[in-house]
Structure formats: C-alpha cells, structure tokens
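Participant: sequence unknown, structure follows:
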Ligand SMILES: [Zn+2]
C-alpha cells in the first residue's frame, strides 16, 4: 500500500506491506525537487517505482542502511535511471545488505537487494532547496538527517520515532540518540518528516518531549545501575513488564534493549 500526501513542496510516500488488510510497519520516502529521500522496503519497491513515473526524480539519497529505507534503491535505479547516494558509512552495507533478517523483518519489509550508491557530501541540492547532511548516529551508526535550514524541514528518518519511544534494537545507543536530538533541536526545525511517514509539525514540542523523556530515562537507569540493578530488574521497575513488541519482533525490539542502550556510554 502506498499513500501519497503533499506538504507544501514536499511529497510524502508512506508505504507498507498490507497483511490481512492492515499495515503494521510503515516506511516512507520524501520527494523534494528532483531528490527522493530513502526508497522504502523491497515489498513496496514496485509500487513506489510506479508512483514515481513522471515525477522527475533524478536521485535517491538514503538516510541509513536499514532494509526499510534502502529496499527500493536497485529497482528505482533500474526502472527510472535515478542516481543513488548514501552516507559514506552505509556504502559497504548497501553493497552487501544484511541477509540475516528476523522473520518479522522478512515479512514486513523483505531483504534489500544490493545497491551501489555514491557517497553523499555535506550538502544536497534539491530543486530550489539545499539540504544539509547532518550525521545523527544512535539509532544506527551511519544515520544522517537531511535538513533544510531556510524552511526548517528535518528529514529525521529513525532519529525520532515517537515522543516516548521506549523499545530499542540491541545495536542502538539512546545516549547518542539523545545527543543527536538535542543537536537537531538547537537548529529549531519547524517540521519533522519521519522514517515511518509521519509529518510532525510543529516539530519543537515533539522533539522536546522526546528529549525530556530520554533524559529522565538516562538518569533513572544511571541511578539503578549505581544501586547494582541488572537490566531485567530495571525494566520491571520502569515499565512493570516487557513490551508486547518483543514477542512480535522475535526479541529484536524490547524494553530491555532500551534500558541496555543507556549503559553503553555516549
Ligand atoms: Zn532504521
């Protein structure tokens, strides 16, 4: 399924695989000028390629290497002749994408076919707009935000998912996410375009709520660690029980990973 919406000059392509009439996990691509930010997942790649016919997209810029952001790369290059760009730290993983996906990832998104983007520089020209490329590690080590300072548009990808995002994958680092969200907040963005296709405006209160929540969690986890508590105990203390997402994602997304993500240092 693909839902197309217009937000001023930005076009949002919100995509997801429908199962029993429902989309459980959305992914998104955004068009600014002749540039497309991210390419969604493999399962929606054909639909996206079809939807982009006649829209003048010349290049795809990826935000990070996860399969729900790069899955359309190779098909869009083949069908529409677009050029591909990605953060330098993503390139090797895009050429040889992760094949060891969890079953829910295979079902929802599918494995990304290999693609060979060129490295993105510090700025992207997108029609009348210029997007700054801002490294924002934490969700993944290679994630970048594309930011248009005059319009205040922040294409945040998975840097900001929800005001109180409290499940993580095991490689995530919530202290880094907090630092990157604070750095973004200091730029005073007006709109956040998220990796799941949510257009958040005004951006400031949503970003502030997340920053406050992550700061509170960081302090509580540090306190509990100082008392010698282990992560499973911390989960009980903070949330009462483990997230239902843990079962849905075969253990990939959990409160325990979220708690552990604060114990890694920044
Ligand atoms: Zn991601």
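Facilitator: Sure, I can see it. Bear in mind the structure is a predicted one, so any value in this text is a computation, not a measurement.

Participant: which bits of the stretch 151-266 of the chain sit near the ion?
Facilitator: Where the stretch 151-266 of the chain comes near the ion, counting by C-beta under 5 Å from the ion, the residues are residue 158. C-beta coordinates here come from the backbone N, C-alpha and C atoms, glycine included.

Participant: low-scoring stretches of the stretch 151-266 of the chain, by residue?
Facilitator: Residues of the stretch 151-266 of the chain meeting the criterion pLDDT under 70: 266.

Participant: my read: residue 43 touches residue 106, true?
Facilitator: No. The pair formed by residue 43 and residue 106 falls short of the contact definition of C-beta atoms under 8 Å, at 9.6 Å.

Participant: Neighbour count: the two, which is higher?
Facilitator: residue 43 (22 against 14; other C-beta atoms under 10 Å).

Participant: now that one: how far from the ion?
Facilitator: When distance is defined by C-beta to the ion, to the nearest Å, residue 43 is 16 Å away from the ion.

Participant: First-to-last residue distance for stretch 109-125?
Facilitator: From the first residue to the last, stretch 109-125 extends over 29 Å; the measure is C-alpha to C-alpha, to the nearest Å.

Participant: Could you see whether the ion lies near that stretch?
Facilitator: No. Applying C-beta under 5 Å from the ion, one finds stretch 109-125 separated from the ion by no less than 10.3 Å.

Participant: Excluding chain neighbours, what is closest to whichever residue of the stretch 1-150 of the chain sits closest to the ion?
Facilitator: For the stretch 1-150 of the chain and the ion, the shortest gap (C-beta to the ion) falls at residue 66, measuring 3.4 Å. In space, not counting the residues next to it along the chain, residue 66 is nearest to residue 140; the distance is 6.4 Å by C-beta to C-beta, 6 or more residues apart in numbering.

Participant: In contact with the residue positioned nearest the centre of the chain, which residues?
Facilitator: Closest to where the C-alpha atoms of the chain average out (C-alpha atoms, centre = their mean) is residue 158, at 2.3 Å. Contacts were defined as C-beta atoms under 8 Å, 6 or more residues apart in numbering; by that measure residue 158 touches 63, 64, 66, 69, 139, 140, 143, 194, 195.

Participant: And the furthest pair within these?
Facilitator: When C-beta to C-beta is used, the two most widely separated members of those are 140 and 194, lying 14.9 Å apart.

Participant: quick revisit: could the contacts of residue 158 be laid out in a markdown table, adding neighbour count and secondary structure?
Facilitator: Compiled in a markdown table, the contacts of residue 158 are given as follows (neighbours: other C-beta atoms under 10 Å; DSSP: H, G, I helix; E, B strand; the rest coil):
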| residue | neighbour count | secondary structure |
| --- | --- | --- |
| 63 | 28 | coil |
| 64 | 26 | coil |
| 66 | 27 | coil |
| 69 | 28 | helix |
| 139 | 28 | coil |
| 140 | 24 | coil |
| 143 | 28 | coil |
| 194 | 23 | strand |
| 195 | 26 | coil |
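
Participant: I'd like those residues laid out as a markdown table, including distance to residue 132.
Facilitator: A markdown table is the format used below for those (distance: C-beta to C-beta, whole Å):
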| residue | distance to residue 132 |
| --- | --- |
| 63 | 13 |
| 64 | 16 |
| 66 | 22 |
| 69 | 19 |
| 139 | 19 |
| 140 | 19 |
| 143 | 14 |
| 194 | 18 |
| 195 | 18 |
